[in-house]
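Trainee: predicted model and sequence below, questions to follow.
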Protein chains: 4
Amino acid sequence: MTKHSNEELQTIAMSDLAHLKIHGRTTANRTPVTLFWTGSAVELNVQGAELWVEVESAYDHLEPWIRIVINGVPVSRQMLTSGRGWLCIFRGLNPEAVKNVRIIKDVQAMSGDPGCLLQLHAVRTEGVMLPVEEKPYRIEFIGDSITSGEGAIGAKTEEDWVPMWFSALHNYTYMTAEALDAEYRVISQSGWGVLSSWDNNPQGNIPAYYEQVCGLLKGERNEKLGAFEPHDFSSWQPDVIVVNLGSNDDGAFHSPAWTDPVTGQVYKQRLNEDGTYHEADLAKFEQAVERFLATLRTNNPCAQIVWAYGMLGATMLPAIYRAVHGYIKQTGDRLVSIIQLPDTTEEMMGARTHPGELSHRRAAEVLTAYIRKILK
Amino acid sequence: MTKHSNEELQTIAMSDLAHLKIHGRTTANRTPVTLFWTGSAVELNVQGAELWVEVESAYDHLEPWIRIVINGVPVSRQMLTSGRGWLCIFRGLNPEAVKNVRIIKDVQAMSGDPGCLLQLHAVRTEGVMLPVEEKPYRIEFIGDSITSGEGAIGAKTEEDWVPMWFSALHNYTYMTAEALDAEYRVISQSGWGVLSSWDNNPQGNIPAYYEQVCGLLKGERNEKLGAFEPHDFSSWQPDVIVVNLGSNDDGAFHSPAWTDPVTGQVYKQRLNEDGTYHEADLAKFEQAVERFLATLRTNNPCAQIVWAYGMLGATMLPAIYRAVHGYIKQTGDRLVSIIQLPDTTEEMMGARTHPGELSHRRAAEVLTAYIRKILK
Amino acid sequence: MTKHSNEELQTIAMSDLAHLKIHGRTTANRTPVTLFWTGSAVELNVQGAELWVEVESAYDHLEPWIRIVINGVPVSRQMLTSGRGWLCIFRGLNPEAVKNVRIIKDVQAMSGDPGCLLQLHAVRTEGVMLPVEEKPYRIEFIGDSITSGEGAIGAKTEEDWVPMWFSALHNYTYMTAEALDAEYRVISQSGWGVLSSWDNNPQGNIPAYYEQVCGLLKGERNEKLGAFEPHDFSSWQPDVIVVNLGSNDDGAFHSPAWTDPVTGQVYKQRLNEDGTYHEADLAKFEQAVERFLATLRTNNPCAQIVWAYGMLGATMLPAIYRAVHGYIKQTGDRLVSIIQLPDTTEEMMGARTHPGELSHRRAAEVLTAYIRKILK
Amino acid sequence: MTKHSNEELQTIAMSDLAHLKIHGRTTANRTPVTLFWTGSAVELNVQGAELWVEVESAYDHLEPWIRIVINGVPVSRQMLTSGRGWLCIFRGLNPEAVKNVRIIKDVQAMSGDPGCLLQLHAVRTEGVMLPVEEKPYRIEFIGDSITSGEGAIGAKTEEDWVPMWFSALHNYTYMTAEALDAEYRVISQSGWGVLSSWDNNPQGNIPAYYEQVCGLLKGERNEKLGAFEPHDFSSWQPDVIVVNLGSNDDGAFHSPAWTDPVTGQVYKQRLNEDGTYHEADLAKFEQAVERFLATLRTNNPCAQIVWAYGMLGATMLPAIYRAVHGYIKQTGDRLVSIIQLPDTTEEMMGARTHPGELSHRRAAEVLTAYIRKILK
């Protein structure tokens, strides 16, 4: 369903684009540009009447979705079925006016689908590219399904785990960044935690992959693309890092054990008979939090680190407090703090028993006020 | 960019679909189904895991956009560039669960582009279609750019007259219908009025085309499709007709004369020297209103008719009052009334100096309360 | 319950007060100051630590209530039982800071209680009075129970007609004036209309008393106070007059006839058998509207006159439109217009089936936007 | 300013009143009833037309204020200047209808004014008293100025520490209790903390007085009234205790030392040179928290204890977490938890740089949702 409406359009490879702004961690390769994480995007200031972008989508079962935002307003959201083709971003506009365009990946990096791919090859336009202004702040969000916007779009009755119910924009990350006029990046994965995933799988932990470009992906193609290579932290230093993790670490205590299929080793965060957390296992979580803070600090020497938690209950908060303040005491690092986000009420629930748009909005308000204060 | 992910999908022509619900005036032809008006749609209850729809889009310059609404939540909005192809509506869902799907035309019928076309040929699914429940009420909205949702999406700075800035869903029509749990249809055209369009063109009047399927379109293809045929009013009788016209009739008083290129006849609604409306010309407008009411009543014997006006000023309201009450007096028709909608404030303005989403929402609240009262 | 806490306080008669600002129509007498209408007030800028006011209250059965507003925030609302005594407005404040104080009558002029009286005799303070700044705009509101704030405070279940359920502040008049930074006055009476009261009593019409200070009151004391004297319109000319009348004129059509106890004459606005308004009687109402507009214009040559109607239904709006535009046509007066206010929904209802605070707020928003536009 | 309007009214001493409901801790004495704490109240269901209450007010400098709430709606707020007299609550109402009346103390117990007194001696009415229904839940709130509603009413510019700017109703305590349909009590004092007041005075700590009726008051009269007697916890057991303390304990670290005028002992919570809390001093705070939790549990064996903190910053939260979880670990008490309340933003600030009504409302929403969850 592609047709170039205008003979005068010129095709420009992404790598040849002047003033291309890329949001989100990715590799240096621009032929094509790969978007890995939710909220990652290409941004352009186009002085022209028409703009197309050549996108490539692939997947084994979980397809990419994108959002198109023009002059700050989301105008399109669509599934990208597999294949490579041209997508019209706008047409018929005043050629003299400059349009700010963002094409945003609306779903998380899919650790469960090694075939999932979203790439941008080129644009077609009769216009010219102008510089994209730098934002005054940079924020990195690290989280799980909440931060991936799982269930942030869709009816309350939806229960399927599919990309359609993920949203990068009905999301406290986007809302907070917009409110603070900040550039932002997201590192997130549904079901994952600090120590393990909700089902006790020790590989489902974000810290293990934090220093790679997008290390939680699988498969040869992602390897070739450079997803597993070390991330160059010097290229982008955030002013604030928001960590919204812990919900799945709690889940691990309430889920069956996980057995490593290779080694046969069994993993389980235990509850005591009275339903409280087993102390030794809770300590493992706390140590994981402390280690992660150290990792974050090593790679981001000047960032304010905010552990922001509570949108789906706050049962791990005491342990997080112990861990964060253990870390602070040990290191003297004073740029680390904790903020409890409001719990999601029944009315604010979205799809798949996850926070809906209103819950994300309320969390964003609380978080925005908090960040505004510490950035003063 | 089309690939069928599932070998077991079956293609079913629209004409063969059990339980297809079509919203909006269209012809009887189902091979394919043509959507003419904004807000017109196909609705399905699909019990299945995956659904594709074969769409065809064409235009000389103004392209169609669609919205996809699943279980009451808008999940996608996209431009349809020209061509015929398969669009995936959902995939990977629980095959047992029933999904309510609406594919909605998000832009008005384009009187200015005879090439503009949106058709649905077939669906592909492994599932089955179930009946779509009837709504308790039916509403018909008749209007101009406000009702077409011009400027209801997009930044305030947008000035281009393009389909991208039209919205059927950021729209008081959709909002009112949702709030009242009503089925609805829209007859609307930007720039048009009761007597003439904003630029005094006497052909830019909605009443002249009200009795056709979509008579304000042009061109041979639309003729062949049946757009100009008489509409079968017996097939769908509304409980309420909302007429939101008058803004462009006011515009005609403030715009230059229009000369008929064929006959040379000049048309102009005049102002007096002191800026007031010329009485004879205002009378023409009032007569047009009265005639239109008669037309509406002839074709909709039992409908409550509500003239709802004021979202972009209410300068014609006195004349509308005179006309409506002249009509009531003459006919004894007591099912006609007027409601003034709140004016759009600076803050609620959308793109192209038209009502934004918040203004539409406020109008919908006032209109919903009003209709709820008269339907009791 | 009065005790002067501070030996240094000095008593100053109202008539001796420098910079006393009086809101609302009253007589020239300042020994004491009488407040007649709802929303009428004395306003002071006090540089001092403590302020008392000597108030006098009397009534046969309907007692006065007051509001105290300090620096724009309502801090007190209280019933004034009968007697004369000192009321503490504030104490213990920083003597250097200037406090803006308004003491506002929170209930309407009581045509039904000739004994009802609210007077201010003097103040006691150690401080000094500073000038009260003039507001950029002046608005006069004319209305019935809606404008008197009947039911704007109190539970939905309240049914008693008592002063407690009246509010000058939970009121579209106050809210609109605050939003526009305008000085304002209110002329209003529950149950009254343009032609007659809701029960067909021809004396229950606002226009007959508009040119007096507060002519709708009764009794010798009010006569002596000067309530029935002609109002000096040259002393205060509004920029905008808002007339919110018509609801009780509609009521008269649906209520039994009223017989004049003196003359035996019977008054009744009739309905036709089919429930429509009797034409001749409706014409009487329209003539009354036209006459009232003429009266308003005579006394307020430059004011914008806005008929604002609809908070409890809009059945008289067609007649109002005819009357207003008949008046405009006849006089060429172009500073007269109509705005329909949003109807009160079930949820926004207050006490006594009257608009609650939320309905007043919504009306104020619509009216504020409208006035802002015409004052440009 | 007192006059009995009705000869048939009968005076009934508080002690003789059937169905008198008293809110808030007080002594057993009913001749008269003394209200000590903010939010404390008498509640009556009166079937009658008229109700007066005989109140007595005294003070050296800080006067009492009251709120009158009728059928759930606040209708009056007034300062009570010193003296004893009759206050009319309502008059002229339908004698058959039952009115629920609450007369609420709108200011905190005043530890700084031994002369401050609010008592209710009797009522006058022609009606009868009916039983007051029990609420399903009971909540006790313990806090500082935030919980006392300091600054919750009044302009942002207000800086005076006077009763006028305190509010028991523009207050998260009242709002939370209303939302949960709970009976509630408040124990609070501006400037006080768990370990000391903001200025390091060790006597300014709530726990030391928790087991008395109102032990933080001073003076012989309060002693005679029984304010210092042990509170009878068996008489009223809360389902939930909300502790909102810590803000002034933080203040102590940032304020000069306090010297005991009698012993000469110096008290000071110290900061390290780098601005962090001195560890030994922070430990004192944490021990005070643990001790207070033990005290609360001793006296309230079954209550859910919620430490709710953060409306004016959350700097003590890590220490609170350590203390609360130290207490839990040591005691096995699982009915204790922590909830961080949203910080007050600039826009939500009230008078005296304290949370305004909007901040209280937001805190109440978060707290209500939390309590609803733990009460399930």
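Mentor: Arrived safely, thanks for sending. What you see is a predicted model; the values in this text were computed from it and never measured.
Trainee: so A:Leu118 belongs to a strand, correct?
Mentor: Yes. Counting by DSSP: H, G, I helix; E, B strand; the rest coil, A:Leu118 is located in a strand.
Trainee: grab the nearest non-local neighbour of it.
Mentor: Nearest residue to A:Leu118, sequence neighbours excluded (C-beta to C-beta, 6 or more residues apart in numbering or on different chains): A:Pro64, at 4.1 Å. Just so you know, the C-beta spots here come from the backbone N, C-alpha and C atoms, and that holds for glycine as well.
Trainee: quick one: residues contacting the one you found.
Mentor: Residues in contact with A:Pro64 (C-beta atoms under 8 Å, 6 or more residues apart in numbering or on different chains) are A:57, A:79-80, A:105-107, A:116-118, A:163.
Trainee: which of those are buried? Put it as a PyMOL command.
Mentor: Buried residues within the contacts of A:Pro64, by 16 or more other C-beta atoms under 10 Å in any protein chain shown, are selected in PyMOL with:
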select buried, chain A and resi 57+79+80+105+106+107+116+117+118+163
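Trainee: which of the contacts of A:Pro64 lies closest to A:Ile187?
Mentor: A:Lys105 (13.1 Å; C-beta to C-beta).
Trainee: my guess is that closest one contacts A:Val33. True?
Mentor: No. Shown here, A:Lys105 and A:Val33 do not form a contact pair, counting by C-beta atoms under 8 Å, at 11.0 Å.
Trainee: which residues in the stretch 151-300 of chain A form helices?
Mentor: Ranges of helices within the stretch 151-300 of chain A are A:172-180, A:220-225, A:247-253, A:279-299, based on DSSP state H, counting those that start in this stretch.
Trainee: may I see those helices organised as CSV, with mean neighbour count added?
Mentor: Output for the helices of the stretch 151-300 of chain A, formatted as CSV (neighbours: other C-beta atoms under 10 Å in any protein chain shown):
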stretch, mean neighbour count
helix A:172-180, 23
helix A:220-225, 15
helix A:247-253, 25
helix A:279-299, 18
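Trainee: so for B:Ser337, which of those helices sits nearest?
Mentor: helix A:172-180 (41.6 Å).
Trainee: now for that closest one, which elements pack on it?
Mentor: Contact analysis of helix A:172-180 by 3 or more C-beta pairs under 8 Å, 6 or more residues apart in numbering or on different chains; DSSP states H and E lists strand A:137-143, strand A:182-188, helix A:357-375 as its packing neighbours.
Trainee: quick one: mean pLDDT for the last one?
Mentor: Right, helix A:357-375. The average pLDDT within helix A:357-375 is 95.
Trainee: try the first one
Mentor: Averaged across strand A:137-143, the pLDDT comes to 98.
Trainee: again with stretch A:53-72
Mentor: Across stretch A:53-72, the per-residue pLDDT values average to 98.
Trainee: list the contacts for the residue in the stretch 151-300 of chain A positioned nearest to chain D?
Mentor: Relative to chain D, the nearest point of the stretch 151-300 of chain A is A:Thr276 (7.0 Å; C-beta to the nearest C-beta). With contact set as C-beta under 8 Å, 6+ apart, A:Thr276 has these partners: D:Arg334.
Trainee: before we move on, back to that, now the helices and strands packed on helix A:172-180 in JSON lines, with mean neighbour count and distance to chain D?
Mentor: As requested, these are exported to JSON lines (neighbours: other C-beta atoms under 10 Å in any protein chain shown; distance: least, C-beta to the nearest C-beta, whole Å):
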{"stretch": "strand A:137-143", "mean neighbour count": "24", "distance to chain D": "18"}
{"stretch": "strand A:182-188", "mean neighbour count": "24", "distance to chain D": "18"}
{"stretch": "helix A:357-375", "mean neighbour count": "20", "distance to chain D": "5"}
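Trainee: so can I have JSON lines of these showing distance to C:Pro238?
Mentor: Below are these laid out as JSON lines (distance: least, C-beta to C-beta, whole Å):
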{"stretch": "strand A:137-143", "distance to C:Pro238": "49"}
{"stretch": "strand A:182-188", "distance to C:Pro238": "49"}
{"stretch": "helix A:357-375", "distance to C:Pro238": "41"}
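Trainee: the residue of the stretch 201-350 of chain A found nearest chain B: neighbouring residues, count only.
Mentor: Going by C-beta to the nearest C-beta, chain B is nearest to A:Gly350 of the stretch 201-350 of chain A, at 9.3 Å. Here the count is done by other C-beta atoms under 10 Å in any protein chain shown, and A:Gly350 has 26 residues near it.
Trainee: nearest spatial neighbour of it, skipping sequence neighbours?
Mentor: Closest to A:Gly350 by C-beta to C-beta, 6+ apart is A:Gly356, at 2.8 Å.
Trainee: for the one you found, which residues are in contact?
Mentor: A:151-152, A:156, A:170, A:344, A:348-350 are the contacts of A:Gly356 under C-beta under 8 Å, 6+ apart.
Trainee: picking up where we left off before, out of the helices of the stretch 151-300 of chain A, which comes closest to B:Thr263?
Mentor: Among the helices of the stretch 151-300 of chain A, helix A:172-180 sits nearest to B:Thr263 (C-beta to C-beta), with 54.7 Å.
Trainee: residues in contact with the closest residue to chain C within chain A?
Mentor: Residue of chain A nearest chain C, by C-beta to the nearest C-beta: A:Glu347 (16.5 Å). A:Glu347 sits next to A:Leu358 when contact means C-beta under 8 Å, 6+ apart.
Trainee: which phi and psi does it have?
Mentor: phi -70, psi -30 (degrees, to the nearest 10).
Trainee: and the pLDDT at it?
Mentor: Value listed for A:Glu347 in the pLDDT field: 92.
Trainee: all helices of the stretch 1-150 of chain A, in order?
Mentor: Taking DSSP H, counting those that start in this stretch as the criterion, the stretch 1-150 of chain A contains no helices.
Trainee: chain B contacts on that one?
Mentor: A:1-3, A:5, A:57, A:61-63, A:70-73, A:75-85, A:88, A:90-94, A:97 (C-beta under 8 Å from any C-beta of the partner chain).
Trainee: one more time with 7 Å, if that's ok
Mentor: Taking C-beta under 7 Å from any C-beta of the partner chain as the criterion, the stretch 1-150 of chain A approaches chain B at residues A:1-3, A:61, A:63, A:71-73, A:75-79, A:81-83, A:85, A:88, A:90-94.
Trainee: buried subset of the residues you listed as a PyMOL selection?
Mentor: In PyMOL, this line selects whichever of the residues of the stretch 1-150 of chain A next to chain B come out buried by 16+ other C-beta under 10 Å:
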select buried, chain A and resi 1+63+71+73+75+76+77+78+79+81+82+85+88+90+91+92+93
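Trainee: could you list which of the residues of the stretch 1-150 of chain A next to chain B belong to strands?
Mentor: A:73, A:75-79, A:83, A:85, A:88, A:90 (DSSP state E).
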